[in-house]
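Asker: sharing a model prediction with you, sequence too.
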Amino acid sequence: MLTTTDLRGSDTDPRTVLPRAAVDVGAAAQRIQPILDDVRDRGLPAVLAATQRFDGVELSDVRVPREHLRTALEGLDPAVRAALETTIQRARAVHADQRRQDVTTRLAPGGTVTERWVPVERVGLYVPGGLAVYPSSVVMNVVPAQEAGVASLAIASPPQRDHGGRVHPAILAACELLGVDEVYSVGGAQAVAMFAYGIENVRAVDMVTGPGNIYVTAAKRQLRGLVGIDSEAGPTEIAILADRTADPLHVAADLISQAEHDPAAASVLVTDSEELLAEVQRTLPKLVGATKHTERVTEALSGPQSGAILVDDVEHGLRVVNAYAAEHLEIQTADAREMALRVRSAGAIFVGPYAPVSLGDYCAGSNHVLPTGGCARHSSGLSVQTFLRGVHIIEYDKPALAEVAGHVVALANAEDLPAHGEAVQVRFR
Ligand SMILES: NC(=O)c1ccc[n+]([C@@H]2O[C@H](COP(=O)([O-])OP(=O)(O)OC[C@H]3O[C@@H](n4cnc5c(N)ncnc54)[C@H](O)[C@@H]3O)[C@@H](O)[C@H]2O)c1
Ligand SMILES: N[C@H](CO)Cc1c[nH]c[nH+]1
Ligand SMILES: [Zn+2]
């Protein structure tokens, strides 16, 4: 099912042969630009028009009434509630440990610089809800924002046609569990634009975070600057670096687990074992035929963004996965932990046979909002740090300023900016 690229015995730069999606974020950005412009120019009517066009739902307003949140939690399946509570508790433990202390550095008697960590004031959190519904993404967005101390949180998620045009009740229940009551039934690029520009009854935010499909991701890229964003957390990717010690059933099941998100999802196997690859290729059709979303998974596994890469050895595989910079990287090799510590680029790394990506999706305690499309080369997954800004506070008294006054003047003159030097000297005349 996976197209194989054989890199054995070749010194080809892996970046030139890595599987990548046919439609990239840049191409999607051109398609959604008119939606962004319309929301900026017309506000609520534009949001409602896009909702009707892309979600097939006719709404007159987008705010979810408070009582719908309460009712959703009351009606939540107790097993799902227990699972969400565990997810929240584990995520909170990990994210609480990410909080940062202010640090004061003393440069001279009377001269200090303090780095203060200040939370972003108001954030819009996107929770996907097109092909699947994602109450777990409510947790992954809200917990780090709360732990960072963000004062104002709003959530947007697509209205569901088969739930009377409301946001899915499991998502509303997760919001209620976490104490977030500002929720909007808006999805896609129009949701990101609504948050970034603000509309009639929705106050603009300072930052938009959260995962989504290619259109949501493209909207975040286009509006970055007007608002802050987290990483480009688009269609899901899994790469697995495996040797002959890996269990082909685990490998096949994990590739399918992430392919089920989206026909645009990417599943990539990197291995030095022809035997493992052959066994995975034999296992995939059986599992794909038996899974619920056969069509979506088949499309994802056979798309240009998925594939298998045969490498000389695990070292060669490590170079390939570093070049790929997957959202999720599983290491299923004899020396998995050692290999994991040598990975330079991946959104999150899952080590050994008992840490599948599905664990991280829900209950590991780690965050599942992670960079895709190679963005793990420069970006991190969602965390408390995402919602914090480091601000330097500079405090120098007269003797401390005097100590470096000559250096300021020398550098100011070297840059032909003498007024800078003068602003220091004037204090000593
Ligand atoms: N990287 C991560 O951290 C991460 C985490 C979870 C999920 N995901 C990804 O999130 C995505 C969820 O996608 P989804 O589609 O289920 O839900 P979604 O909420 O992201 O997207 C649905 C919205 O897309 C809009 N849309 C649909 N077709 C459109 C079109 N042709 N033009 C413009 N807008 C259109 C609609 O308005 C709809 O509300 C998946 O790709 C999944 O892999 C990523
Ligand atoms: N694998 C997704 C991150 O790309 C997260 C998720 C949520 N629910 C299931 N999976
Ligand atoms: Zn998943």
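Answerer: That came through fine. Ligands and ions are numbered 1, 2, ... in the order given.
Asker: tell me which parts of the stretch 1-150 of the chain are close to ligand 2?
Answerer: By CB under 6 Å from any ligand atom, the residues of the stretch 1-150 of the chain that approach ligand 2 are 134, 136-137. To be clear about C-beta, it is placed using only N, CA and C from the backbone, and glycine gets the same treatment.
Asker: and with 8 Å instead?
Answerer: Taking CB under 8 Å from any ligand atom as the test, the list of the stretch 1-150 of the chain residues beside ligand 2 reads 132, 134, 136-137, 140.
Asker: and what of the stretch 251-400 of the chain?
Answerer: Applying the criterion CB under 8 Å from any ligand atom, the portion of the stretch 251-400 of the chain that neighbours ligand 2 consists of 257-258, 261, 327-328, 357-358, 360-362, 368-370, 372.
Asker: at contact distance from ligand 1, anything in stretch 290-302?
Answerer: No: residues of stretch 290-302 contacting ligand 1 under CB under 8 Å from any ligand atom: none, with a closest distance of 9.2 Å.
Asker: contacts for that stretch?
Answerer: Outside of stretch 290-302, the residues within contact range by CB atoms under 8 Å, 6 or more residues apart in numbering are 1-3, 131, 255-256, 259-267, 284, 288, 306.
Asker: what of stretch 6-14?
Answerer: Residues outside stretch 6-14 that contact it (CB under 8 Å, 6+ apart): 17, 309-312, 316, 319-320, 323-324.
Asker: what does the average pLDDT come to for that stretch?
Answerer: With pLDDT averaged residue by residue, stretch 6-14 scores 94.
Asker: next, the buried residues of that stretch.
Answerer: Of all the residues in stretch 6-14, those buried under the rule 16 or more other CB atoms under 10 Å are 7, 14.
Asker: quick check: end-to-end length of it?
Answerer: Terminal residues of stretch 6-14 are spaced 11 Å apart (CA to CA, to the nearest Å).
Asker: do the same with stretch 337-345
Answerer: Stretch 337-345 stretches 15 Å from its first residue to its last (CA to CA).
Asker: close to ligand 1, is that stretch?
Answerer: No: judged by CB under 8 Å from any ligand atom, stretch 337-345 and ligand 1 are separated, with a smallest distance of 15.0 Å.
Asker: stretch 52-59 too?
Answerer: Yes: looking at stretch 52-59 against ligand 1 by CB under 8 Å from any ligand atom, the contacts come from 54-55.
Asker: now that stretch, how far from the centre of its chain.
Answerer: Offset of stretch 52-59 from its chain centre (CA atoms, centre = their mean, to the nearest Å): 26 Å.
Asker: okay, how far is it across that stretch, tip to tip?
Answerer: By CA to CA, the extent of stretch 52-59 from end to end equals 8 Å.
Asker: so what touches it?
Answerer: Defining contact as CB under 8 Å, 6+ apart, one finds that stretch 52-59 is touched by 48, 51, 158-161, 165, 185, 187-188, 190.
Asker: pull out the buried members of those.
Answerer: The neighbour-count test (16+ other CB under 10 Å) applied to these identifies 48, 51, 158-160, 185, 187-188, 190 as buried.
Asker: among those residues, which are in helices?
Answerer: Among the buried ones among the contacts of stretch 52-59, the ones falling in helices (DSSP state H) are 48, 51, 188, 190.
Asker: what sits against the second one?
Answerer: With contact set as CB under 8 Å, 6+ apart, residue 51 has these partners: 57-59, 62, 159, 185-187, 190.
Asker: if we can go back for a sec, if we check ligand 1, which of the residues of the stretch 251-400 of the chain next to ligand 2 are in contact?
Answerer: Among those, the ones lying close to ligand 1 by the criterion of CB under 8 Å from any ligand atom are 258, 261, 327, 361, 368-370, 372.
Asker: how far away is the nearest residue to residue 243 once chain neighbours are set aside from ligand 2?
Answerer: By the measure of CB to CB, 6 or more residues apart in numbering, the closest residue to residue 243 outside its immediate chain neighbours is residue 333, 4.4 Å from it. Counting by CB to the nearest ligand atom, to the nearest Å, the gap from residue 333 to ligand 2 is 22 Å.
Asker: also residue 158?
Answerer: When CB to the nearest ligand atom is applied, the distance between residue 158 and ligand 2 equals 15 Å.
Asker: does that residue touch residue 129 like I think?
Answerer: Yes: counting by CB atoms under 8 Å, a contact exists between residue 158 and residue 129, whose distance comes to 4.2 Å.
Asker: overlap in contacts of these two?
Answerer: Both residue 158 and residue 129 are in contact with 167, 187, where contact means CB under 8 Å, 6+ apart.
Asker: which PyMOL command selects the buried ones in the contacts of stretch 290-302?
Answerer: The following PyMOL line selects those of the contacts of stretch 290-302 that are buried, judged by 16+ other CB under 10 Å:
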select buried, resi 1+2+255+256+259+260+261+262+263+264+265+266+267+284+288+306
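Asker: can you list which of the contacts of stretch 290-302 are found in strands?
Answerer: Within these, residues falling in strands by DSSP state E are 266-267.
Asker: can you tell me which of the contacts of stretch 290-302 end up in helices?
Answerer: Secondary structure assignment (DSSP H) places 255-256, 259, 284, 288 from these within helices.
Asker: okay, those in JSON lines with distance to ligand 1 and pLDDT next?
Answerer: Converted to JSON lines, the ones in helices among the contacts of stretch 290-302 look like this (distance: CB to the nearest ligand atom, whole Å; pLDDT from 0 to 100):
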{"residue": "255", "distance to ligand 1": "14", "pLDDT": "98"}
{"residue": "256", "distance to ligand 1": "14", "pLDDT": "98"}
{"residue": "259", "distance to ligand 1": "9", "pLDDT": "98"}
{"residue": "284", "distance to ligand 1": "19", "pLDDT": "98"}
{"residue": "288", "distance to ligand 1": "17", "pLDDT": "98"}
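Asker: next, format those as a markdown table and append distance to residue 395.
Answerer: Putting those into a markdown table (distance: CB to CB, whole Å) gives the following:
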| residue | distance to residue 395 |
| --- | --- |
| 255 | 55 |
| 256 | 57 |
| 259 | 55 |
| 284 | 62 |
| 288 | 63 |
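Asker: from those residues, which is closest to residue 211?
Answerer: Of all the ones in helices among the contacts of stretch 290-302, the one sitting nearest residue 211 is residue 259; the distance, using CB to CB, is 16.0 Å.
Asker: so what's that closest one closest to, chain neighbours aside?
Answerer: Nearest residue to residue 259 in three dimensions, chain neighbours excluded: residue 300, at 3.7 Å (CB to CB, 6+ apart).
Asker: cool, residue 198 as well?
Answerer: The spatially closest residue to residue 198, leaving aside those adjacent along the chain, is residue 204, at 3.1 Å (CB to CB, 6+ apart).
Asker: next, the contact list for residue 154, please.
Answerer: For residue 154, the contacting residues are 122-125, 180, 182-184, 195, 202, 205, taking CB under 8 Å, 6+ apart as the criterion.
Asker: alright, that wraps it up for me.
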